[in-house]
Structures are given as C-alpha cells and as structure tokens.
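**Student:** one predicted model, sequence on top.
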Amino acid sequence: MTIFRSLFIVPLVALLAACGSDSSSSGGGGGNPNPEPDRQVSGVLISPESNSQTTLRFSSDASPVMSMAATMAAECPGDIPAGYVRLANVTVTLLDVDGNTLAETLTTDECGIFDGTVPEQAVSIRAEPGNGLRPIEADIAVFVVDDAAAGPTVVSTISESAEYEIRSLLRQSDGRFAFTVADSESGRPVIGIPEGRFSLDIAGTDVPLDSVMVAAQSQEQAAVSLVLDASGSMSEQVYLNQDGESVSRWHVAREATHLFLNEKGGNDLAGMVIFSGYDDVNLINDNFLTSNLDFVDHDGNPAIFTLSASGFTHDTAGLRTVADLYSPYSLLYQQPSSGLQTPPHADSADVQIASYYRWNGSTALYDGVTLGLTETAKQTPVRKAVVTMGDGEDNDSGTSLQATIDHANDLAIPVFSIALGVLENSPGEEALRRLGEETGGDFVSVSDDGAETELLRVFESIQIGIVFQYLATLADADQVQPGDTVTLRLEYNGLETERQFTVPTP
C-alpha cells in the first residue's frame, strides 16, 4: 500500500536519478528581448485507478505477492495518494497568457513525472492523456520548484464519462471556505483544479475570491476524529472469505480504519471515539485506556499503552493500536470473539488486552458524533473534520439529531458520514445523510454487498480529500454574513457543478 505523506518530501535530484525523466524543453518561446531566467518545474499526472485495480490492491494487501501496480509504485520516486495510477508518456503543452501554444513541450516519464525548464511566457499547461480520460489544465506556478527538496506537484484527472462533484463545503472559523471536489464515478478526490475555475456568489452576486489553494501544498495541519459504531449489529456478516469464514461489518470497518490512517497527513492530528449504547460512548485517550482496559505483555505481566491525554496524536502507530482494539475479533484481546480472528497491525503496540471487549448492544450515534465534535474543536488546527460510520438507527442517545447538526455548524466542523448496511430511505440512512449534508460535509451509503472493497475505498477517499482539501480565501470576508446562502460553482473541462451552503447564524 502506498502511504502518502506530503507533496514536498522527495529531493528533485532523487526524482531525476530514480526515474530518468525524458522531459525536455526546446525552441524559443517569445520575443521578450530581456527574458527572465527559465523556471524549473516538476509535476506528476495521475488518474483514479479502475474498480478492478482497487479490488486487486485491497486483496493483495494481505498477500506476500505484490500486484503489478504496487510494484510500479514501489519503483517510482515520490508518493502519490492511494487509489490513483500514474500517467506515463503524456505530452505536456505549455500555454501563454492568451492560451496560445508555445513551441516547448514536456513529457511525462514512466512514473507520470514531467520536469524541466519553462520560459517566462508559459503561464499554464495542458495535457491530453487520452485513453478515455479528460484533459488536465493547471497553472504553471503550482509546478515551479522553489525548494530543492520539493517533490513534484500532484494533479489528477477523471474519465470522460465522469462528472465533477463538490462533495463538501463549509465556512471555517477563520472565514475561509473549505471544500472537496470528487469524481462522480470513482468517488476519488480531484486534485489540482486551477483556482480560476471556481466562483462564489450570494443570490447571484459575485463574491470575489482572493485565492484558492490546496491544503497539501502548504502542508496545513488538520485535526480529524473518527467516530466508529461498535453496536451489536456490527457483527452482521458481510461476506464469506475464500476459506468460508464469516467476515463481519466489524472486520471491514477495522480494515477501513487502517486504510484511513495510511493516508493521514504526516502532521495531521487524529483521534477516535468508539460508541455503542448511551453508557459506552468513549473518547480513546490515556485516561480511558488506563481506567478501562487491562494491558499485559505476552507473559501476562501488567503493561502500559498510552496514546495522548487529549486522545489526538500525530503518532500513527498509536492510532493503529486503537483501530485494532475497536474490533472484538482482534487478537490484541487475549479472549477475542469467536469467529474470524485477526492479528493486530504490524505497527500496533506489542501488548495484549486481558479485559473483555466493552462495547456492544444499542446505538448512540448522535452522542458519539457530538463527543467527536466537542473534542475535535479543542484542537489547535483551523482545519477540522469528523468522520463517522453507523450501521443502524440511533436508539440510545441523549442528544437529538438536530442538536448534533447544530453543534457541528456552531463549531464550523463538517461531518463526513457513512451508512454501512443501512436500508435505503430508512430513518437510519436519513439521519446519516442529514449529518453529512447539513453540516457542510458529505454522505455515502455502502451496502453489505461489496462492502469488503467499497467501505475501504470510501474511508481512504475521505482521508485523501481532507489532505487535498481546497481552501478559498475571500477578497472581502465581510461580504459573507451569518445567514447568507452561498453557492460555490466549478466550471472546468466543459463541465459545471455547484453546491450551496448556508452560513450558520450564531
């Protein structure tokens, strides 16, 4: 599994040495008698992997034999997000301010990377990868190498049959609008759309944008909490594996949580809330761990496992342990539930839990989300999100659905909600839909049929969307007031889409 860390971690010399780029520039680009020095650029072009590639990648994770795509990824310098493929041998055309084609071109190598020097007249690029994919357009400025240690800037495209969808939109506490754009077919985030393709208005009146940037490019930190359903219905079977063993919702949710952690930004904070009934809604922090779970070493002697006092941490290894203790089938427990028992993640703490699994029974979804929102709000980063998953209707919360939605909006924290195995148009699905859509987040429904890959893809894509979130700064923040309904529009590649958001009233 490729683990994406940052756009800016691979030295340019390593890129050139490892991939042997064939990129080149040639010819004259204009008639300026005093041209500025040519600029060094570096980028990587990608597209979403196919459904069959996703299935192969997930199935090969547990196999000692790497898939062809994984082998290629290991040989290429620099990280790209999981769920995408590199676009090789694509011609990158340079355009001037009027959209005229310059004589110089660049070409992506077998790793999808193009690099070289471009003349001052070049203000944008256009690449047409073919093979049923839409063209890629981007401003040249995002590819300019200002730091010798910077890796290539990532830009993605979608298939010709797909549409763009604005999957989340809200106004952050700092006045910026944060949003994600996804591919309607794959559900994968679309990365690197030029800022000039976005517009914002209130009742038809334009609200000028000063800038639109991608969080990953500035490595802007985020704080994210995962709110995970541990009610009794999570033991429901999703499918039988090749050995005829029952794989439950708990099994696939635990795997999805690990995939979410795979794509966590290196400096992002993450925490977890696990909930079942009203009395078992728990932020997993040091106080909870020491008060409720008996950790032992493999000889049965008392052991210590700590995460952080707040429950939020950069430490992915610590979070792996929490992801494992979430599942009652985990061999992290000395007495796991009967059925298909799974070993802890390789990076989990080398301990065991002597106490019994503590969650089960009813569902207090709203209380879980409320706790996740409250604790996430205490964290320092401006960018915040709550990701929740439920498999049934809330039947045990002391908090109402509307109060939970209002709490999210008051805190300016979006909720990304996932319905797992929930009947279409049922009260449970409607509640999760409202949590996602009315908080500026997103909602996805995953049926049990195919959940072994679909739930994994959804968790992975949500995390990648957070890492590559778009952040729009207004030229005049006072133009947007509480109670205003704003419309964000995207016009790109001959397609149009929009999403509305009403700024909460204090």
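**Tutor:** Everything's here; your move. Numbering: from 1, shown residues only.
**Student:** how about low-confidence regions in the stretch 101-250 of the chain?
**Tutor:** 148-149 (pLDDT under 70).
**Student:** what ranges does it have for its helices?
**Tutor:** 215-218, 249-262 (DSSP state H, counting those that start in this stretch).
**Student:** which helices and strands does the shortest one pack with?
**Tutor:** Judged by 3 or more CB pairs under 8 Å, 6 or more residues apart in numbering; DSSP states H and E, helix 215-218 is in contact with helix 451-467. All C-beta spots, glycine's among them, are computed from the backbone N, C-alpha and C.
**Student:** in its sheet, what does the very next helix or strand once past the helix it packs on sit against?
**Tutor:** Heading C-terminal from helix 451-467, the first helix or strand you meet, by DSSP states H and E, is strand 470-474. Strand 470-474 pairs in its sheet with strand 177-183 (antiparallel), strand 209-214 (antiparallel), by DSSP bridges.
**Student:** okay but Asp286 is in contact with Ala309, surely?
**Tutor:** Yes - counting by CB atoms under 8 Å, Ala309 is a contact partner of Asp286 at 5.3 Å.
**Student:** these two - which one has more neighbours?
**Tutor:** Asp286 (15 against 10; other CB atoms under 10 Å).
**Student:** could you pull up the residues touching the closest residue to Ala354 other than its chain neighbours?
**Tutor:** The shortest distance from Ala354 to any residue other than its chain neighbours is 4.3 Å, reached at Asp294 (CB to CB, 6 or more residues apart in numbering). By CB atoms under 8 Å, 6 or more residues apart in numbering, Asp294 lies in contact with 302, 353-355.
**Student:** which phi and psi does Asp294 have?
**Tutor:** For Asp294, the backbone dihedrals (degrees, to the nearest 10) come out as phi -100, psi 100.
**Student:** quick revisit: out of the contacts of Asp294, which are buried?
**Tutor:** Ile353 (16 or more other CB atoms under 10 Å).
**Student:** which of the contacts of Asp294 sits closest to Arg320?
**Tutor:** Comparing the contacts of Asp294 against Arg320 with CB to CB places Ile353 closest, at 14.2 Å.
**Student:** give the contact list for the closest one.
**Tutor:** Shown in contact with Ile353 (CB under 8 Å, 6+ apart): 293-296, 325, 332-334.
**Student:** list just the nearest of these to Glu165.
**Tutor:** Leu325 (35.1 Å).
**Student:** circling back: can I get the strands paired with strand 470-474 in CSV including mean neighbour count and distance to Thr439?
**Tutor:** Shown next, in CSV, are these (neighbours: other CB atoms under 10 Å; distance: least, CB to CB, whole Å):
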stretch, mean neighbour count, distance to Thr439
strand 177-183, 24, 12
strand 209-214, 16, 22
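**Student:** so can I have a markdown table of these showing distance to Ala419?
**Tutor:** What follows is these, written out as a markdown table (distance: least, CB to CB, whole Å):
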| stretch | distance to Ala419 |
| --- | --- |
| strand 177-183 | 17 |
| strand 209-214 | 29 |
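**Student:** returning to what we had before: which of the contacts of Asp294 fall within strands?
**Tutor:** Judged by DSSP state E, strands contain the following of those: Ile353.
**Student:** of the contacts of Asp294, closest to Val467?
**Tutor:** Once CB to CB is applied, the member of those that ends up nearest Val467 is Ile353, at 31.2 Å.
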